[in-house]
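Engineer: predicted model and sequence follow; I will ask about them next.
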Amino acid sequence: MKIEKLNQMKVLLVEDEIELSSMLENAIGEYFFTFKVASNGKEGLELFKEIKPDLVITDINMPNMNGIEMSKEIRKTNPNLPIIILSAFSQKDYLLNAIDLSVTKYLIKPFDPDELLESISII
């Protein structure tokens, strides 16, 4: 996808770190048609059903439902939806779960918002 088409996309960010979600919303949110934020996997799944995003960006470790569990539920209804995982963990188990879910990208925190934007633009 070209960066010019980002303004047609609906994006769902699921991140429990309020500072990070606010920073990302401020840094890249304006590039998209819709940029919604959820603070945990359960809330993310509800917003997913409501807004039907073109892309999900999610943390792994969150309360109520983690990003892997939420992504598994999303895959049941939309197996081809691009999912980008943001994680402070590069542990083998997390990476293998992400591979099993066919995630589009796995970024290790901290990362540059421009790196995330670049990853989205080539989806």
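Structural biologist: That came through fine.

Engineer: now do stretch 67-75, average pLDDT.
Structural biologist: For stretch 67-75, mean pLDDT rounds to 95.

Engineer: only the buried residues of that stretch, if you could.
Structural biologist: 67-71, 74-75 (16 or more other CB atoms under 10 Å). Quick note: C-beta positions are derived from backbone N, CA and C, even for glycine.

Engineer: so where do the helices sit in this structure?
Structural biologist: With helices called from DSSP state H, the chain shows them at 18-28, 41-51, 67-77, 92-100, 113-121.

Engineer: between helix 113-121 and the first one, find me the angle.
Structural biologist: When you say that, I think you mean helix 18-28. Here helix 18-28 runs at an angle of 70 degrees relative to helix 113-121 (axes from the mean of the first three to the mean of the last three CA atoms, to 10 degrees).

Engineer: follow-up on the earlier one: want to throw the helices of the chain into JSON lines with distance to Lys5?
Structural biologist: Below are the helices of the chain laid out as JSON lines (distance: least, CB to CB, whole Å):
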{"stretch": "helix 18-28", "distance to Lys5": "14"}
{"stretch": "helix 41-51", "distance to Lys5": "18"}
{"stretch": "helix 67-77", "distance to Lys5": "22"}
{"stretch": "helix 92-100", "distance to Lys5": "25"}
{"stretch": "helix 113-121", "distance to Lys5": "8"}
